[in-house]
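[1] Below is the sequence, then the predicted model.
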Amino acid sequence: MITKRIIPCLDVKNGRVVKGTNFEGLKDVSSPIELAKYYSANGADELVFYDITASAEGREIFTDILVETAANVFIPLTVGGGIDSVDDFDRVLKCGADKVSVNSGAIRNPGLIEEAAKLYGDQCVVLSVDVKRVDGQFRVFAKGGREDTGMEAIEWIKRCVGNGAGEVVVNSIDTDGVKKGFDLEMLQAVCDAVSVPVIASGGAGCIEDFITLFKALPKVDAGLAASIFHFGEVAITDLKKEMKKNNIPSRI
Amino acid sequence: MIAIINYGVGNLFSLKSSFAAIGQEAVVTSDKEVIEKAERILLPGVGAFEDAAKKIKESGMADVVKEQAAKGKPLMGICLGMQLLFEKSYEYGEHEGLGLLKGQICPLAEDIRKDLKVPHMGWNGLDFKGEKHPLFQYIQEGDCVYFVHSCYAKNCEDSTIATVEYDVDVTAAVAKENVMGCQFHPEKSGETGLAILKSFCEMTGKEGVPC
C-alpha cells in the first residue's frame, strides 16, 4: 500500500534556510544541505526547496546548493521558486531536482505547464498554489501570497491539472503560520476536483494536525510543513510512529 | 566499475551520486569499449517507452547491452530501464523491447480500481516472492522504496522477485540469472535503495563467467 508522505519544505535565500509566518518576518534557520541530510536520515519522504532569492548571484548559490544536496541526499527532491520557463526547469533538473514546482510562473505564462509536461512528463510538474478566501471564494494569490489574482482557485487548479500538472501543493494562506491545523475545507474542495496527488500545506502546528488531516481526508497524499520541523516542534520520526498507531500507512 | 548506459534519456546525476555514496565508481557512458570493460551495467530510463526503445536501438546501445548480458555480466534496469528488458510494451500502442526477460509492459490504469491515482507515485513496501533474492540481502520484507510509473510488467512470474500492493500486485523487482531490474528508483529510496545498489555491486555474473 502506498504510504502518506511527510515533506519538510526549505525556503532558501542567499544559501540559507528561512521561514516566515504568514510569509512575512523571515528568520534565518540553518544550512539547507545539512538540514536536507538530517531530514533524509530522520524519516522525511521527500524534500521541497523553494528558492526565494531575487538576485542572479543568489540564484547561482542556490544551484550550487542543489547539486551538493542531490549528491548527498537520496530521496525525491522538488525544487520551486522563480520557475518562469522551461529553461528554468532544465536548470534545476540538471542540478539533480526530480520534480519542479511552478506557482507565479504558471500565472504569468499559462502555457508553461503544458510545455514542461510535454518535455519532462506530468510526474515532473508540480503546481503550487497559494489560496486565500476572499468574499466567500477561494482565490489564487501570486507573488508569495501578496497579490490577489482575482482567479477562482478550484477552476485554476483543474485547468493546470488538465494541462499536465502531475501533483498539486495547496497552500492555504488563511491557515499558514497559525499552527491550528490544515485547511480541511479548502483541501476537500481540491481533492473533489482533481485526481492527481494533493499535498496539504499551511497550518500544521503539532502531530495531531497531520493525523486529523489524513483521517478526515483520505485522498490527501502528503503533508508539507516547514518551521515546526526546522525548530524541532515536531520530530518526523515521532509523527511517523503516531501515524502507524492510527493505521495511517507510513514509511518507517 | 559500473557503466551507466547513456542513450539520451533522463538525468543520471542522482544515480551516479548514489554509487559514489556507497563507495563505487560509476561512469555515465555510451562508449562500447568502456561498457565492455565494466564489471556491471546499469540501464536507466525515464519517460515514454516508445521514445526510449527507439533511442536505445538507434544509439547502438541495445546491441551492446544484449551482447554483454549474454556474456553473463550483471545488468540492472531501473524504472523504464527495467521495462525495456521485457519483450513488449503496450504503453500508447505496441512496442518491442530488448526481449531479455519474458513478459509485457501494460498500463496500470486498466487493471486497478478507478479511484486509485496513476502514476503510482510514492513509497510502497516490498513483498518478496519466492526465496529472498541476494539483491535484498541487506533489507527486510516490507521496507519501502520510491515509485513513479504508469505502466508495469505482467506475465513475468518466472523472474519476479518482489511486488508491491496497489490494488493489484505490481511487479517491483525482477531477476533472471544476471539480468535484473527494479521498477522503483533505488537512487531515490533512501538507505533501502542504497542497500539494494550495494548488493548489486557485490553480484557476480553467471556461473563460471568472470566479471
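    Perfect, I can see it now.
[2] How many residues are close by residue 199?
    Here I'm looking at chain A. Residue crowding around A:I199 was assessed by other CB atoms under 10 Å in any protein chain shown; the count is 25. For every residue, glycine as well, the C-beta is placed using N, CA and C.
[3] my bad, chain B
    Applying other CB under 10 Å, I find that B:S199 has 18 neighbouring residues.
[4] Hmm, it is touching B:A173, no?
    No: with contact defined as CB atoms under 8 Å, B:S199 does not count as touching B:A173 (11.1 Å).
[5] Need the overlap of contacts for those two.
    Contact with both B:S199 and B:A173 is made by residues B:L135, according to CB atoms under 8 Å, 6 or more residues apart in numbering or on different chains.
[6] Just the residues contacting the longest helix along chain A, thanks.
    Longest helix of chain A, by residue count under DSSP state H: helix A:56-72. Contact partners of helix A:56-72, identified using CB under 8 Å, 6+ apart, comprise A:12-15, A:32-33, A:36-37, A:47, A:49, A:51, A:53, A:77, A:79, A:82, A:91-92, A:95-97, B:13-14, B:17, B:20-21.
[7] Buried ones among these?
    A:12-13, A:32-33, A:36, A:47, A:49, A:51, A:53, A:77, A:79, A:82, A:91-92, A:95-97, B:13-14, B:17, B:21 (16 or more other CB atoms under 10 Å in any protein chain shown).
[8] got the contact list for B:Q83?
    B:G45, B:F49, B:G77, B:S89, B:G97, B:I105, B:C151, B:A153, B:G181, B:Q183.
[9] Local confidence estimate at the residue in the stretch 51-200 of chain A that chain B sits nearest to?
    Chain B sits closest to A:A71 of the stretch 51-200 of chain A, with a gap of 4.4 Å, by CB to the nearest CB. Looking at A:A71, its pLDDT reads 94.
[10] With A:I113 instead?
    97.
[11] There's contact between A:V178 and A:G203 in this structure, I believe.
    Yes: counting by CB under 8 Å, A:V178 does reach A:G203; the two are 5.9 Å apart.
[12] These two: which is more packed in?
    For A:V178 versus A:G203, neighbours defined as other CB under 10 Å are more numerous around A:G203 (24 against 15).
[13] Now the more buried one: closest residue in space that isn't a chain neighbour?
    With sequence-adjacent residues excluded and distances taken as CB to CB, 6 or more residues apart in numbering or on different chains, A:G203 is closest to A:T175, at 3.2 Å.
[14] A:L187 is in contact with the one you found, correct?
    No: A:T175 lies out of contact with A:L187 (CB under 8 Å); the separation is 9.9 Å.
[15] and A:V12, that's in a helix?
    No: read with DSSP: H, G, I helix; E, B strand; the rest coil, A:V12 is strand and lies in no helix.
[16] Could you measure from it over to A:L47?
    To A:L47, A:V12 is 11 Å away according to CB to CB, to the nearest Å.
[17] residues from the stretch 1-150 of chain A in reach of chain B?
    A:1-3, A:5, A:40, A:45, A:67, A:70-72, A:74-76, A:93-96, A:98, A:121-123 (CB under 8 Å from any CB of the partner chain).
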